[in-house]
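Enquirer: got a predicted structure here, sequence first:
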Amino acid sequence: MNYTVMMPAAGSGTRMGAGHNKLFLELEGQTILAHTLSVFERDPWCEGIILAVKESERSKIEQIIKRAQITKVKSLPEGGTERQHSVAACLAAHKTRGIVLVHDAARPFIAQHVIHKLADSAYEFGAAVAGVKVKDTMKYVKDGIIEETADRERLWVIQTPQAFRYELLEQASRNAERAGFLGTDEAMLVEHDGKEVRIVESTYDNIKMTTPEDLAYGGYLLKKRLEETV
Ligand SMILES: Nc1ccn([C@@H]2O[C@H](COP(=O)(O)OP(=O)(O)OP(=O)(O)O)[C@@H](O)[C@H]2O)c(=O)n1
Ligand SMILES: C[C@](O)(CO)[C@H](O)COP(=O)(O)O
């Protein structure tokens with residue numbers, strides 16, 4: 001199923017501590033942003049990319065797009081103070097009757113087979129998000145004392161892409177805005193609307209580049225992939 005990807009790229013990268021937007025950091029000679037955009041440039045199912053940017057970074061991002069020969073970026077709406085607002089700006093910039101994926105620009109290692117499963121699942125069921133099962137024992141802790149061990153069979157680590165029929169996400173986004181509800185992902189907005197969201201099993205290497213340790217692991221993943229394609 002063809003789709004358009006909404007890509008928030010207007011963050012600050014506070015936890016990375018680079019002193020600037022972490023998406024400008026390089027892995028194997030290319031910015032994180034260029035790596036993520038390239039995944040969708042290569043995917044024949046991707047019809048377009050809507051990229052939310054900070055106004056002050058617009059021209060730098062336009063240069064990155066040009067240098068990486070990305071042709072699918074349709075518009076660059078201005079992002080907001082929270083990730084949710086940046087995604088809302090993308091939705092406002094591109095109205096469609098089709099399927100949209102939301103994908104963090106900070107996740108360059110998403111696999112194409114996962115993207116395709118998500119797009120098909122959203123077409124069939126309305127909403128589907130990528131996730132992996134937790135591997136560790138998980139416990140609830142309060143004031144330094146364990147309260148309870150969670151049932152890990154029911155626990156998943158949620159990633160992006162998150163895929164939706166456009167109208168379903170757009171309505172959830174508008175309702176959240178009206179209610180002053182802030183979610184850390186799009187699934188939360190759709191859940192808040194009382195709608196069902198499916199899980200599509202993803203891969204553990206679809207990490208978000210969040211803290212400095214992720215850069216070392218990201219560099220390793222990229223080298224491994226480049227070696228595999230030689
Ligand atoms: N106001 C915001 C905040 C985040 N993002 C984007 O959302 C994705 C995931 O967010 P996160 O990893 O939290 O990025 P940052 O906000 O950049 O990082 P931090 O929270 O450490 O400041 C990133 O691609 C980031 O650029 C965005 O477009 N607009
Ligand atoms: C959307 C997300 O990437 C799913 O894992 C995540 O919630 C983004 O926000 P976070 O604050 O970095 O968890």
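Expert: The structure has been received and is ready for your questions. Numbers count the residues shown, from 1 in each chain. Ligands and ions are numbered 1, 2, ... in the order given.
Enquirer: residue boundaries of the strands in the chain?
Expert: 3-8, 26-27, 30-31, 46-52, 73-75, 99-102, 127-133, 139-142, 145-149, 156-165, 198-201 (DSSP state E).
Enquirer: buried ones in the helix-or-strand element of the chain with minimal mean pLDDT?
Expert: Ranked by mean pLDDT, DSSP states H and E, the helix or strand of the chain with the weakest confidence is helix 212-229, at a mean of 91. For helix 212-229, the buried set under the neighbour-count rule, 16 or more other C-beta atoms under 10 Å, comprises 214-215, 218, 221-222. Where you see a C-beta, it was placed from the backbone N, CA and C, and this is true even at glycine.
Enquirer: now do stretch 69-84
Expert: Buried, per 16+ other C-beta under 10 Å, within stretch 69-84: 70, 72-73, 76-77, 79-80, 83-84.
Enquirer: mean pLDDT added to the strands of the chain, as JSON lines?
Expert: Listed next are the strands of the chain as JSON lines, based on pLDDT from 0 to 100:
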{"stretch": "strand 3-8", "mean pLDDT": "98"}
{"stretch": "strand 26-27", "mean pLDDT": "96"}
{"stretch": "strand 30-31", "mean pLDDT": "97"}
{"stretch": "strand 46-52", "mean pLDDT": "98"}
{"stretch": "strand 73-75", "mean pLDDT": "98"}
{"stretch": "strand 99-102", "mean pLDDT": "98"}
{"stretch": "strand 127-133", "mean pLDDT": "98"}
{"stretch": "strand 139-142", "mean pLDDT": "98"}
{"stretch": "strand 145-149", "mean pLDDT": "98"}
{"stretch": "strand 156-165", "mean pLDDT": "98"}
{"stretch": "strand 198-201", "mean pLDDT": "98"}
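Enquirer: turn these into CSV, including distance to residue 181.
Expert: Shown next, in CSV, are the strands of the chain (distance: least, C-beta to C-beta, whole Å):
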stretch, distance to residue 181
strand 3-8, 18
strand 26-27, 35
strand 30-31, 33
strand 46-52, 19
strand 73-75, 26
strand 99-102, 17
strand 127-133, 16
strand 139-142, 24
strand 145-149, 26
strand 156-165, 16
strand 198-201, 21
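Enquirer: I'd like these as TSV, with distance to ligand 1 appended.
Expert: Below are the strands of the chain laid out as TSV (distance: least, C-beta to the nearest ligand atom, whole Å):
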stretch	distance to ligand 1
strand 3-8	3
strand 26-27	15
strand 30-31	12
strand 46-52	5
strand 73-75	14
strand 99-102	9
strand 127-133	14
strand 139-142	23
strand 145-149	27
strand 156-165	8
strand 198-201	19
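Enquirer: pick out the most distant pair among the buried residues of helix 212-229.
Expert: 214 and 222 (11.9 Å; C-beta to C-beta).
Enquirer: so how far is residue 104 from residue 56?
Expert: Between residue 56 and residue 104 the computed distance is 20 Å (C-beta to C-beta, to the nearest Å).
Enquirer: same question, residue 71
Expert: Taken as C-beta to C-beta, the span from residue 71 to residue 104 is 21 Å.
Enquirer: kindly report the same for residue 45.
Expert: The value you get for residue 45 to residue 104, if C-beta to C-beta is used, is 19 Å.
Enquirer: out of the strands of the chain, flag the one nearest residue 185.
Expert: strand 156-165 (6.0 Å).
Enquirer: ok, the least confident helix or strand of the chain near ligand 1 or not?
Expert: No. Helix 212-229 is not in contact with ligand 1 by C-beta under 6 Å from any ligand atom; minimum separation 9.8 Å.
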